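*Asks:* coordinates only, no sequence provided:
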């Protein structure tokens, strides 16, 4: 096959050695599959494969010979101090190992609106992660994604108030995890941008509206009440908090299509 202009290969048309940190998670597994499908040498780095980004154990061996590192990890705890320590410790360990291994491109998954949600300890930690990447000296690409369809259930439950759901009507633009993974994989196969790009779902919808649709699909009879004061995981949001404000890559899967696919899978 002629790979001269094949974007699935590196800039020189050759297969790449790519390390996916968090390669056993929801996004990571699909990123690994997509990159392997395109013929790349993919190393899955996670605690189950002997890599601990908090202690540094196994990092040097995993990154040996790698041109690209993809980080799709997340903190196991969202408690303010714990999440900050996770991203700062992991970031320093990863970047030190990348520098020693001569890695040419660091790709990280972050969240749309991170810099606009700084009242949240989690988003302060994500911004700290982004800042470590920017100052690491490793060429980078940061992909900020909107909320995943797969997490709408958790979002709905976070608004639970007795026998009802009090959810904010403010808009968001959620997307399928598969579309997130495709964007991250494409970023890994492109040159570093040394910047941030946004990816989002194809539809903008009020959060309360989508929560109502989710509950209906589950047969959950709880009433959804639109409440402008309802906080999103402890943070008051507005119509600009969780949506791309400029150019963004849009996923192809709509929520109704995703719901239908989940129903089929569950049978």
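*Replies:* Cool, got the structure. Everything numeric in this text was worked out from a predicted model, so none of it was measured.
*Asks:* show the average pLDDT along stretch 260-267.
*Replies:* The average pLDDT within stretch 260-267 is 74.
*Asks:* quick one: the closest residue to residue 137 other than its chain neighbours from residue 69, how far?
*Replies:* Leaving aside its chain neighbours, residue 137 sits nearest to residue 99 (6.6 Å; criterion: CB to CB, 6 or more residues apart in numbering). The C-beta positions use only the backbone N, C-alpha and C, and glycine is treated the same way. Residue 99 is 11 Å from residue 69, where distance means CB to CB, to the nearest Å.
*Asks:* so for those two, which sits in the more crowded spot?
*Replies:* Just comparing residue 99 and residue 69: by other CB atoms under 10 Å the higher neighbour count belongs to residue 69, 29 against 13.
*Asks:* which residues are in contact with the more buried one?
*Replies:* Under the criterion of CB atoms under 8 Å, 6 or more residues apart in numbering, the neighbours of residue 69 are 18-19, 21, 63, 94, 98, 103, 105-107.
*Asks:* one more time with 6 Å
*Replies:* Residue 69 makes contacts with 19, 98, 103, 106, as judged by CB atoms under 6 Å, 6 or more residues apart in numbering.
*Asks:* hang on, residue 241 packs against residue 114?
*Replies:* No. Contact criterion CB atoms under 6 Å: residue 241 and residue 114 do not qualify, at 10.4 Å.
*Asks:* give me the three-state assignment for the most centrally placed residue in the chain.
*Replies:* Closest to where the C-alpha atoms of the chain average out (CA atoms, centre = their mean) is residue 109, at 4.3 Å. Reduced to three states with DSSP: H, G, I helix; E, B strand; the rest coil, the structure at residue 109 is strand.
*Asks:* please name the bridge partners of it.
*Replies:* Beta-bridge pairing for residue 109 (DSSP bridges): residue 143.
*Asks:* and it, what pLDDT?
*Replies:* Confidence score, pLDDT, at residue 109: 98.
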